[in-house]
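**Student:** next come a sequence and a model predicted from it.
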Amino acid sequence: MADIKQILPTLRERGDEVAQEETEIRQFIVSNQNRWSRTTLEFKDLSQDVWCELGFQISWHPEEKSRTAHDFAIIGIDFLTEDGSSIDFAYVPGLARAQIDPHSSHIAGPDYYDRSGDQAHIGRVHCAFLIPSPTKRISVTFRSWRNSHPFTIIDPKLLQVAQTTGDDARADLAQAASSPALNNPRRSWIQLKTEPAWLAYGVVPAKTLFIRGQLINQGVSAEGALARVIFRNGNGEIVASLDDLPTSPAVGTYIDIPVIRQTRRFTIELTPPHQAVAVELGFQVWRDEAEISLVTPLETSLGDDLLLESILSEEGSDAPALAGEVFRRLQPSSNFGIKIGDTNLIDGLIDHQILSRAPTIHDKLKAVQQGESAVLAGNQLTLDGFQAWPLPSMPDWTEDPFKSPAWRLEYQSLSWLLDLVRDQEESGVQKAIDLAVSWSRANPWGQPKDPLSAYPASISIRTDVLIRLLAAANSVKKKSIEKLRVLTAEVIQHGFALSEILSQNIFLHSVLQVRIACALLSVSIGLRNFALSPYWRSVALAQLRNGFDHLLGPQGSSNEQSQHYRLELISLGMILAQQLKGQHEAEDLGQLLDVRLKDGLKALVAVTDPAGMLAPFGDTPRNLHHASWLRRLISGYGRQLLSDRALAEELAYPLGPRLYTSGYAGLISFRNYVQRPDWSYLCASIGEQRHENGHYDCTSFVYSARGVRWITDPGGSGVMEAGPARQYLLSSRAHNVAIPDSREQNAGYGWIEATLSLEKAHAVKVGTNVHGPCYNHSRIFVCLDDMNAIAILDHFRSSQSTTGFEAHLHFEDTIAVALANSKLAIAFHKQDRLRIIPHLVAGQFTGLRVQNGHTSRAGSMQGYLSDGSGGLRPANVLSYGLTGASVICGGAVLAITDDGLKRLMTLISSQEVQNLLN
């Protein structure tokens, strides 16, 4: 067991909190005056690129009302250099980006803690995250949020594994955490040299552009950097700057950015000349010896007069009013605000030939996901797998017939309108336009009839739909200028919203980032003649480069847990790559996609089960068949990838047993593929667990044998669930994992420690850091090649004198589970039987338990699967436990046949496997 370093805090600032430091136990009271009530502590002398655990007790008021709030209070983290300067990490593993604090983690309400603490009104909280270099200390703010009464933070401390020898396993893990192959928080930083690193942005002539970023100085000198400035017109020619910027014969026009402390936040304010359409910024240092990095992606924004909030006037917030105000501000001397309905203006904004070729992505993504089947037939609308619903002739856009967020999200996206224009018949096009105009008039900006219509995913899809409708309107003989005016204005309004969401880096390293950027790119290309289009295009391309670089990393790595969303990202990339061929400004994005797509696709094909489905780890919407999706995707957008021999071999899906392991992809799969229903499959997730919308499921697995899906993962579908149901699906107790001492998993990940080839079997040992520095944990999978028997064994070594763990096995809702005796459980599916037998290596077995749909307090729900549309469905969960001294080891053997059970037990008792268990 590695040594654990304990770090105690110092009080950094006092808000309205009350500190009671005269006792041995340090206590800090935070009142209930919402987010501005806080206490802030500082932890110093931290090890870099090492995970830490922040632990404390929280004591709540006996009359607290927000007991079930998962964001009862907030932990805010600010990463600091030695001199106390803040570091702007775009992402820190284990934490979510925040607006008030740089990064945050939620503190759950009283009902999420063990019932034993109810009488004392106290619970134990653990929060894990990486301390990325060059952090030397952190500021931790405990902030009031949903609490109705004051609460107390008791005895906070920070734990880290002490860095010892280079061959220490945890030191290896710390080194791996900073590897570019994984999600290194500094991967997007640019190490500046005397040769400039060029970044390009579109501009709006004569309108201010703000570019914000940060420089990190890791050297000893206090010198700074500079940004060279070059404006270009539409022909690529250099245009002189309007600003009175310094000029040097060596570097030309530039902006000096001094760095007095170890970090420097900067804002570059540029006013482009009237002829300019782009600006190039070349960031560099004065001397090669300087150790200065540029933190990217940068934030950008236009001047206040071209921000959405400023443009919305009191006179009216509908799309035409907003568009009229935009034109007035772009050209104050003109009367565009009055003439926005004129044919000349519409024709000037829209080139129908260009608009028809706008790279709308979401409709193509839906086609590869679901095929070309229509969801709107006559007036019958069928969304998200629900039954057909009669569409009103005049919707009021508050419809929710199935009480389903999933249905509402698709309804408000207007994606179904494209079924009306598919055949380009005038009646269908006119009806689609009428419905889109109806939606626009019913939903003035900031006043949506349904809040889900303002969700970024809905905005992105709807933007593509509106562009497609504008293009289809060209085929209509009798054009309605009024309706074209509304659609054009709505597209412009959506473009403003998408641009501001993206340019503020709100959804970095997420599928949403890519979806929003794709939609903004479509607007910028489809409305090429609009003044803001060059700027929008530069924002979209920059965010796509950043998003795909992190979400589809080298060798199949990804910081996206869900295999479903990994496939969605790959699909977006393949569609986008085809759409952007021949576009010079997107060449670097195309090159990135060419490199990354094959590896990501290969990893997912390798772990697809023989029935054509990916394991439901993370958030996985229902009603999609992944193998069909893959076939449509590759035939439509990926035939050139088939030249890759390794990918072609995976797609061939050979018969027989196969083991696939990838620490980069964070996946392990065993399968036995036979040409009859009796296939078998196991897949385990060991990738990085994210804090924001992430599932705590490291080492969770699914298992099928003889064509029956026995062990499953509860899954989930993101924004569809809410409240305790959502928090249950995210929790580690909702997955097939081991939980030591009632401490559910924290952020972290797993890595492959050993792979062993046995007699017609394989074993894989996985190490994890998800239980904090006080536990060394490994999970060992032993599988026969025919998959008729498997063993799942956990090994815990704790710094505590005694420990224990409980592990869960979640069954499909079609599986019955019964306890035969104290050491045998049997699962039933028609004529098939699966025996579950506890196996002890070190410690004592504490029994079996079956639960189904157990509802109590928020922190003890158990026995549910996601129904994929916002609710839960009950299913059986088998739990087993072990206890012992500082070391315990054991688990469960699952067997379909007697012969398989005997062979597996013989293998487990062999010296080779015993070596893995110690």
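**Tutor:** In hand now; what should we look at?
**Student:** and residue 499, what does it touch?
**Tutor:** When contacts are counted by Cβ atoms under 8 Å, 6 or more residues apart in numbering, residue 499 touches 520, 532, 535, 536, 539. (C-beta placed from N, C-alpha, C; glycine too.)
**Student:** cross these against helices and list the overlap.
**Tutor:** Counting by DSSP state H, the part of those found in helices is 520, 535, 536, 539.
**Student:** where in this protein is pLDDT low?
**Tutor:** Residue ranges of the chain with pLDDT under 70: 1, 12-24, 163-183, 313-316, 332-347, 691-692.
**Student:** list the buried residues of the biggest helix by length in it.
**Tutor:** The residue-count maximum for a helix in the chain (DSSP H) belongs to helix 481-503. Buried positions in helix 481-503, judged by neighbour count with 16 or more other Cβ atoms under 10 Å: 483-503.
**Student:** pull out the buried residues from stretch 818-835.
**Tutor:** 825, 827, 829, 834, 835.
**Student:** who's in contact with the first one?
**Tutor:** Put plainly, it is residue 825. Counting by Cβ under 8 Å, 6+ apart, residue 825 touches 817, 818, 819, 835, 836, 848, 850, 878.
**Student:** redo these as JSON lines? Include distance to residue 224 and secondary structure.
**Tutor:** Formatted as JSON lines, the contacts of residue 825 follow (distance: Cβ to Cβ, whole Å; DSSP: H, G, I helix; E, B strand; the rest coil):
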{"residue": "817", "distance to residue 224": "66", "secondary structure": "strand"}
{"residue": "818", "distance to residue 224": "71", "secondary structure": "strand"}
{"residue": "819", "distance to residue 224": "70", "secondary structure": "strand"}
{"residue": "835", "distance to residue 224": "69", "secondary structure": "strand"}
{"residue": "836", "distance to residue 224": "64", "secondary structure": "strand"}
{"residue": "848", "distance to residue 224": "65", "secondary structure": "strand"}
{"residue": "850", "distance to residue 224": "65", "secondary structure": "strand"}
{"residue": "878", "distance to residue 224": "62", "secondary structure": "strand"}
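**Student:** biggest separation within those residues, which pair?
**Tutor:** The largest distance within these, taken as Cβ to Cβ, falls between 835 and 850 and amounts to 14.4 Å.
**Student:** coming back round to it: out of the contacts of residue 499, which comes closest to residue 77?
**Tutor:** The closest of the contacts of residue 499 to residue 77 turns out to be residue 539 (Cβ to Cβ; 27.8 Å).
**Student:** wait, doesn't that closest one sit right on residue 500?
**Tutor:** No. Applying Cβ atoms under 8 Å, one finds residue 539 not in contact with residue 500, separated by 9.4 Å.
**Student:** picking up where we left off before, mind putting the ones in helices among the contacts of residue 499 into CSV with distance to residue 463 and neighbour count?
**Tutor:** Formatted as CSV, those follow (distance: Cβ to Cβ, whole Å; neighbours: other Cβ atoms under 10 Å):
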residue, distance to residue 463, neighbour count
520, 8, 29
535, 16, 26
536, 11, 25
539, 14, 27
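**Student:** list the contacts for the nearest residue to residue 62 once chain neighbours are set aside?
**Tutor:** Nearest residue to residue 62, sequence neighbours excluded (Cβ to Cβ, 6 or more residues apart in numbering): residue 121, at 5.6 Å. Listed by Cβ under 8 Å, 6+ apart, the contact set of residue 121 reads 59, 60, 61, 62, 64, 110.
**Student:** make it 6 Å
**Tutor:** Residues in contact with residue 121 (Cβ atoms under 6 Å, 6 or more residues apart in numbering) are 59, 60, 62.
**Student:** can you show me the helices along the stretch 501-650 of the chain?
**Tutor:** For the stretch 501-650 of the chain, the helices defined by DSSP state H, counting those that start in this stretch cover 511-526, 533-551, 563-579, 587-606, 626-637, 645-652.
**Student:** the second one vs helix 587-606, what angle?
**Tutor:** What that stands for is helix 533-551. 40 degrees (axes from the mean of the first three to the mean of the last three Cα atoms, to 10 degrees).
**Student:** return the list of helices and strands in contact with helix 533-551.
**Tutor:** Other helices and strands packing on helix 533-551, by 3 or more Cβ pairs under 6 Å, 6 or more residues apart in numbering; DSSP states H and E, are strand 197-202, helix 481-503, helix 511-526, helix 587-606.
**Student:** pull the CA atoms of that helix into PDB?
**Tutor:** As requested, the backbone C-alpha atoms of helix 533-551 are provided in PDB (Å, rounded to 0.1, in the frame of the first residue of the first chain):
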ATOM      1  CA  SER A 533     -20.900  34.400 -41.500                       C
ATOM      2  CA  PRO A 534     -17.100  34.600 -41.700                       C
ATOM      3  CA  TYR A 535     -16.900  35.000 -37.900                       C
ATOM      4  CA  TRP A 536     -19.400  32.300 -37.200                       C
ATOM      5  CA  ARG A 537     -17.500  29.900 -39.500                       C
ATOM      6  CA  SER A 538     -14.200  30.500 -37.800                       C
ATOM      7  CA  VAL A 539     -15.800  29.900 -34.400                       C
ATOM      8  CA  ALA A 540     -17.400  26.700 -35.600                       C
ATOM      9  CA  LEU A 541     -14.200  25.300 -37.200                       C
ATOM     10  CA  ALA A 542     -12.100  26.100 -34.100                       C
ATOM     11  CA  GLN A 543     -14.600  24.300 -31.800                       C
ATOM     12  CA  LEU A 544     -14.800  21.300 -34.100                       C
ATOM     13  CA  ARG A 545     -11.000  20.900 -34.100                       C
ATOM     14  CA  ASN A 546     -10.900  21.200 -30.300                       C
ATOM     15  CA  GLY A 547     -13.900  18.900 -29.800                       C
ATOM     16  CA  PHE A 548     -12.900  16.100 -32.100                       C
ATOM     17  CA  ASP A 549      -9.300  16.300 -30.800                       C
ATOM     18  CA  HIS A 550     -10.500  15.500 -27.200                       C
ATOM     19  CA  LEU A 551     -13.500  13.400 -27.900                       C
END
